[in-house]
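Novice: Here's a sequence, model it:
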Amino acid sequence: MKKSQNLMWTTLAAGLINIIINVVLLPVYGLWGAAVGTLIANLVVATLRLINIKKHLSINYNLRYSLPLVMLVMIHAVLVSIDFHIVFVSIATITIYAYLSYMNFKSITYVSDGGSNK
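Specialist: Residues are numbered from 1 along each chain as shown. Prediction:
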């Protein structure tokens, strides 16, 4: 039950953040404001859930590889949205993303919790 409540609260937090950012940015930036609000809300919920997962599963991960993945996706979204060599940018992004994902996967270590189900 506690795990379900955590999911509910992180989802509610993301929704509230998204609404607040949309109220501020939509009148000024239009659709770009909505996109930024959604991106920030999703990053917040992902971070909160990652912290929660780390508490329950004792996963050690390396942010040195995770942060570049997030930045790569953001840069790709901007370049594609301005029609900047879409095919080349997409192929380059997929290649870099695959490499960084592989390096990130190799850096994750799982620590046993002794077989207990929390």
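Novice: so which helix or strand takes in the residue nearest in space to the middle of the chain?
Specialist: By C-alpha atoms, centre = their mean, the chain has its centre lying nearest to Leu43, at 4.5 Å. Using DSSP states H and E, the element containing Leu43 is helix 31-57.
Novice: picking that back up, OK, contacts around the residue nearest to the centre of the chain?
Specialist: Counting by C-beta atoms under 8 Å, 6 or more residues apart in numbering, Leu43 touches Val70. C-betas here are computed from N, CA, C, even on glycine.
Novice: That one and Phe84: what is the separation?
Specialist: Using C-beta to C-beta, to the nearest Å, Leu43 is found at 23 Å from Phe84.
Novice: now Ile51
Specialist: 35 Å.
Novice: What score does Lys3 have for pLDDT?
Specialist: The per-residue pLDDT reported for Lys3 equals 66.
Novice: same question, Asn62
Specialist: 63.
Novice: cool, and Ile96?
Specialist: In this model, Ile96 is scored at 78, pLDDT.
Novice: didn't it look like it was pressed against Ile75?
Specialist: No: counting by C-beta atoms under 8 Å, Ile96 stays clear of Ile75, with 9.9 Å between them.
Novice: quick one on the thing from earlier: and the residue nearest to the centre of the chain, how far from Phe88?
Specialist: 27 Å.
Novice: Over to Arg49?
Specialist: Distance from Arg49 to Phe88, by C-beta to C-beta: 34 Å.
Novice: do the same with Tyr29
Specialist: Tyr29 is 28 Å from Phe88, by C-beta to C-beta.
Novice: what does Ser81 give?
Specialist: From Ser81 across to Phe88, the span is 15 Å (C-beta to C-beta).
Novice: where does this structure dip in pLDDT?
Specialist: 1-3, 58-66, 104, 106-118 (pLDDT under 70).
Novice: Break down it into its helices, ranges please.
Specialist: 2-29, 31-57, 63-81, 86-107 (DSSP state H).
Novice: ok, and what's touching the third one?
Specialist: Among residues not part of helix 63-81, those counted as contacts by C-beta under 8 Å, 6+ apart are 39, 43, 85-86, 89-90, 93, 96-97, 100-101, 103-104, 107.
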